[in-house]
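Asks: Sequence unavailable; structure follows:
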């Protein structure tokens, strides 16, 4: 559930970008940061290694504006994708309101996509939550690379029951980034008004 | 959801606000923040003489993440938690202490403020604030109308196209 501060009239929602290493999670955030007007976003915080791999998380606060007198804000996070940073991933999932799963279209990353989704389910379960209880949107990124796998093949290993809304993306030039964010934001806000 | 929500409002907010103000005055710190475990600022106070504060969203996020990482370390070492964190620099100090399981009290101050004084006063404030937050658990869940969803969707269209 989102954090609601009635006195300050603020609603804060946490959205986490999840997925295998190098799938483009940080690139999504960088694009949002570069395109959203300065007065609607805060500082972008990146805790990265020397080779720019996310070590702990990236963070970007985003102001949606006021809805019925409540200042509504999204806090966007990425998790580190590398397998060995699972402790960090688990911590960042704490209190999550919505998830964007960023899959990689590269032919040699099919297994990494599947393992990352399995890891997401496991980490949510450790927080005592079923994956079906959190709004999740699937973004299939890097659609412009040579030899990109068919989207349906990627979906088959991540979302075989076709339950998730899917967006194709080329995050490095912004393709599909805002569409994905808008979709997950809507799901989170709908849930808030349904009081789930 | 994974974490209990903290909906701070009305009399509870006023009382928390009052305790933070008292703490600020008693200790002489620059900034005082109450942050929830998800990394959102619930309330904040700053001294009149303090320079413009750093980005509070970022401070809260990093403090909450740091506390979560510290708690994970504590568990690995057989402790339930480490209740306080102190980060001392050449010019200033960041002091963070748990307020029950739901929040973190964060104080930022310069070298003229004795850490011992901060600790003594913070302990007292934490007991008071923890009691208020505990009372919030009985508050009924918040209801937003269908209009809220429509209004939010319109804003999303404006912002994200």
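Replies: Okay, I see it. No experiment lies behind these values; they were computed from the predicted model shown.
Asks: my guess is residue A:49 contacts residue A:56, does it?
Replies: No - in this structure residue A:49 lies outside contact range of residue A:56 using CB atoms under 8 Å: 9.8 Å. Bear in mind the C-beta positions are built from the backbone N, C-alpha and C, glycine included.
Asks: When the two are compared, which one has more neighbours?
Replies: residue A:56 (24 against 12; other CB atoms under 10 Å in any protein chain shown).
Asks: Not counting its neighbours along the chain, what's nearest that one?
Replies: residue A:47 (4.0 Å; CB to CB, 6 or more residues apart in numbering or on different chains).
Asks: repeat for residue B:72
Replies: residue A:87 (6.1 Å).
Asks: ok, which stretches of the chain are strands?
Replies: Reading this off chain A. Assigned by DSSP state E, the strands in chain A fall at A:3-5, A:10-18, A:45-48, A:54-67, A:70-78, A:98-104, A:136-141, A:165-168.
Asks: not what I meant, chain B
Replies: Counting by DSSP E, the strands of chain B are B:7-8, B:31-36, B:41-46, B:84-88, B:92-99, B:103-110.
Asks: Select, out of those, the one closest to residue A:100.
Replies: Set against residue A:100 and scored by CB to CB, the strands of chain B come closest in strand B:31-36, at 22.4 Å.
Asks: Pull up the gap between the nearest residue to residue B:66 once chain neighbours are set aside and residue A:92, please.
Replies: Of all residues not flanking residue B:66 in the chain, residue B:85 sits nearest, at 6.6 Å (CB to CB, 6+ apart). Residue B:85 sits 18 Å away from residue A:92, taking CB to CB, to the nearest Å as the criterion.
Asks: More neighbours: these two, which one.
Replies: Ranked by neighbour count (other CB under 10 Å), residue B:85 and residue A:92 place residue A:92 first, with 26 against 17.
Asks: That one: what's it in contact with?
Replies: A:16, A:56, A:57, A:77, A:79, B:65 (CB atoms under 8 Å, 6 or more residues apart in numbering or on different chains).
Asks: Tell me what the fourth one is bridged to.
Replies: Residues in a beta bridge with residue A:77, per DSSP bridges, are residue A:16, residue A:59.
Asks: I figured it hits residue A:56, correct?
Replies: No - counting by CB under 8 Å, residue A:77 does not reach residue A:56; the two are 9.8 Å apart.
Asks: could you dump the strands of chain A to TSV with distance to residue B:132 and mean pLDDT?
Replies: Converted to TSV, the strands of chain A look like this (distance: least, CB to CB, whole Å; pLDDT from 0 to 100):
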stretch	distance to residue B:132	mean pLDDT
strand A:3-5	14	68
strand A:10-18	18	92
strand A:45-48	30	90
strand A:54-67	26	90
strand A:70-78	22	92
strand A:98-104	29	98
strand A:136-141	35	98
strand A:165-168	40	98
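Asks: picking up where we left off before, neighbour count says what about the contacts of residue A:92? Which are buried?
Replies: Those of those that meet the buried threshold are A:16, A:56, A:57, A:77, A:79, B:65, by 16 or more other CB atoms under 10 Å in any protein chain shown.
Asks: got a pLDDT number for the residue nearest to residue A:109 when sequence neighbours are not counted?
Replies: Counting by CB to CB, 6+ apart, residue A:20 is the residue found nearest to residue A:109 once chain neighbours are left out, at 6.3 Å. Looking at residue A:20, its pLDDT stands at 97.
Asks: wait, residue A:20 sits on residue A:104?
Replies: Yes - Residue A:20 lies in contact with residue A:104 (CB under 8 Å); the separation is 5.8 Å.
Asks: which neighbours do these two share?
Replies: Joint contacts of residue A:20 and residue A:104 (CB under 8 Å, 6+ apart) are A:112, A:113.
Asks: Now do residue A:101: how many residues are near it, please.
Replies: 26.
Asks: meant to ask about residue B:138
Replies: 6.
Asks: do you know how far it is from residue B:128?
Replies: On the measure of CB to CB, residue B:138 and residue B:128 end up 18 Å apart.
Asks: and what of residue B:103?
Replies: 13 Å.
Asks: out of those two, which sits in the more crowded spot?
Replies: Counting neighbours by other CB under 10 Å for residue B:103 and for residue B:128 shows that residue B:103 has the greater number, 27 against 16.
Asks: so what pLDDT did the more buried one get?
Replies: 92.
Asks: partner residues bridging it?
Replies: Residue B:103 has these beta-bridge partners by DSSP bridges: residue B:36, residue B:99.
Asks: where are the low-confidence patches of chain B?
Replies: By pLDDT under 70, the low-scoring segments of chain B are B:1-10, B:139-143.
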